[in-house]
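Visitor: Predicted model follows, preceded by the sequence.
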Amino acid sequence: MGQQRYATGARLAGVVVLALLAGVLGVGPASAAPSDVPAPVQRLAAASGHDLTVGHARVAAHRTALRLPDDDDDQAWLEVDPRCASGTHKAKVAAAVFTSTKVRLDYVLTGTGLHRTGTVRTKADRPVTFTLPSLRTGAYRLAVTLHGRTDVLADSAFEVLPCVQVKASCRALTFTNPVGNPAAYGRYSGHGRSQDFELDLAPGQSLTVRADHSKIDYDLTADEYGDLGHGTAKVRQSCSHGPAQPGDHALQTVGFAACAQPGALASVQLSWSVQPSLKRARYEVLDARQQVVAQGSLKGGRDKELALAEGTYTYRSFANRLTEPFEEISFVVLACVEVTPRCRALDLRNPNAVAVLVVAEGSDDEDAEAVVVGAGKTVTVPWTSTGASVTAYLEVEDPARWSFLSLASPAPWDEDVAETTVPQNC
């Protein structure tokens, strides 16, 4: 698994949107209701090689269809990629247009106290980018017409948001997401280093983290918006400081728990990011009876695979000889969803005491289907592909367990997991 961490920033491009197309809950037919999987869980899944966004898409740019008169081109589009504005500075905003034929277009950019115009010439079957004026925070609209005409072919409403504020101090960085912004998430790491630390910031939230490198790279974004700030911050190291404490976010664990087959143990993988000043870093895993079932030393950039039975566990990490844990996270090892092929259908049985979200993907490059399977319930899904790969997640995730992904299926990154064959000529 290496240093695979959940996707952020530019790595979100191309995330697949899984529509909840059909399903059967309980014992009778029903339509599957959309389920919103928490964003951290979606990103953990993406890091494991399985993209999952249910109920909404993640976008870094606003794309709008562009309708040319007397033209059957249904692929033409206008795209605006707003960037955030830092402090009193303005934001750079890029735009692009795509048409199948060459055409000359006029655009009008409006906002509070703003009215700018311009012209762009397109190229056949090639996107053409053009730069808009630098903009302050606020709401804007970009409209496009044929040159010299007034009929609007496309218009895109967008917003320029303030960047997440980043302030350096003695071996620390403080990230502040301005009030009014959407929830932000991202990563930071020592400049040029491979260990990424992830962070999530609610609107108005401020978070101070330990930084034991003189330069820290950071990259922050938001769902359905895009860039909320990126760059490199200089952090003082030769200053009066003490050892890192549990509240300093100096140690971060990401865990993936695959499911347990009947009579077998599940694979649980742990990976760590650790600030270099930490000493004697270690971990322990306790079962529901608070008995230690796994323990050992840990190192940043390293992985560890455990074998655990189905059940509820508590994970703790420690460092600097302190008895207070740096992290304490509860997680579950689920039983595997039972997948039984039928004639042009799949039976999905959930043996767990909690609901799971099952995502099935066909072998013929078909769209994925997702359905919620209640605790102890069986769902039958019509299936027209000759094969199926199934991944199951907890339907409801505890936000406090943001760094652990519990599966009710074998890990999607496990190449030894065979695809289920589904009869079609029956």
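Guide: Great, that's in hand.

Visitor: in stretch 274-283, what's buried?
Guide: By neighbour count on 16 or more other CB atoms under 10 Å, the buried set for stretch 274-283 is V274, Q275, S277, L278, A281, Y283. C-beta: built from backbone N, CA, C; applies to glycine.

Visitor: Please list the members of the residues you listed that lie in strands.
Guide: When DSSP state E is applied, those are split such that V274, Y283 fall in strands.

Visitor: Please identify which two of the buried residues of stretch 274-283 are farthest apart in space.
Guide: By the measure CB to CB, S277 and Y283 form the most distant pair in the buried residues of stretch 274-283, at 18.1 Å.

Visitor: shaky segments in the stretch 301-426 of the chain?
Guide: Residue ranges of the stretch 301-426 of the chain with pLDDT under 70: 364-367, 397-402, 412-414.

Visitor: what about the helices in the chain?
Guide: Counting by DSSP state H, one finds helices in the chain at the ranges 39-47.

Visitor: now I216, nearest residue through space, not along the chain?
Guide: Sequence neighbours aside, A233 is the residue nearest to I216 in space, at 4.9 Å (criterion: CB to CB, 6 or more residues apart in numbering).

Visitor: so where do the strands sit in the stretch 151-300 of the chain?
Guide: Counting by DSSP state E, counting those that start in this stretch, the stretch 151-300 of the chain has strands at residues 152-160, 165-169, 172-176, 184-190, 197-201, 206-210, 215-222, 226-234, 251-257, 266-274, 282-286, 292-297.

Visitor: re the thing from before, tell me which residues touch the residue nearest to I216, please.
Guide: A233 makes contact with V166, A168, L173, K215, I216, Y218, according to CB atoms under 8 Å, 6 or more residues apart in numbering.

Visitor: hang on, isn't the fifth one packed against R171?
Guide: No: in this structure I216 lies outside contact range of R171 using CB atoms under 8 Å: 10.5 Å.

Visitor: ok so, going back, can you give me the distance of the residue nearest to I216 to A172?
Guide: As judged by CB to CB, to the nearest Å, A233 and A172 stand 11 Å apart.

Visitor: hang on, the earlier thing: dump the buried residues of stretch 274-283 to JSON lines, plus distance to L68 and pLDDT.
Guide: Compiled in JSON lines, the buried residues of stretch 274-283 are given as follows (distance: CB to CB, whole Å; pLDDT from 0 to 100):
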{"residue": "V274", "distance to L68": "55", "pLDDT": "97"}
{"residue": "Q275", "distance to L68": "55", "pLDDT": "97"}
{"residue": "S277", "distance to L68": "60", "pLDDT": "96"}
{"residue": "L278", "distance to L68": "60", "pLDDT": "97"}
{"residue": "A281", "distance to L68": "60", "pLDDT": "98"}
{"residue": "Y283", "distance to L68": "60", "pLDDT": "98"}
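
Visitor: Nearest residue to the residue of the chain most remote from its centre in space, ignoring adjacent ones along the chain?
Guide: The outermost residue of the chain, judged against the average C-alpha position, is G148 (43.2 Å), by CA atoms, centre = their mean. Using CB to CB, 6+ apart and skipping residues adjacent in sequence, the residue nearest G148 is D106, 7.2 Å away.

Visitor: Next: G190.
Guide: Excluding its sequence neighbours, the residue lying closest to G190 (CB to CB, 6+ apart) is H213, at 3.4 Å.

Visitor: Quickly note the distance from the one you found to K279.
Guide: 17 Å.

Visitor: My guess is P243 contacts N320. True?
Guide: Yes: P243 is within contact range of N320, at 4.8 Å (criterion: CB under 8 Å).

Visitor: Who has more neighbours out of these two?
Guide: For P243 and N320, the more surrounded residue by other CB atoms under 10 Å is N320, and the numbers stand at 18 against 14.

Visitor: ok, the more buried one - contacts?
Guide: Taking CB under 8 Å, 6+ apart, one finds P243, A244, L278, K279, R280 in contact with N320.

Visitor: now, which of the residues you listed sits nearest T137?
Guide: Using CB to CB, A244 is the member of the contacts of N320 that lies nearest T137, at 35.2 Å.

Visitor: Tell me the pLDDT of that closest one.
Guide: Looking at A244, its pLDDT is 97.

Visitor: what's the neighbour count on it?
Guide: With other CB under 10 Å as criterion, A244 counts 24.

Visitor: likewise E327?
Guide: Neighbour count for E327, taken as other CB under 10 Å: 17.

Visitor: Check the spacing between it and Q165 real quick.
Guide: On the measure of CB to CB, E327 and Q165 end up 26 Å apart.

Visitor: Over to D200?
Guide: From D200 over to Q165 the distance is 16 Å, taken as CB to CB.
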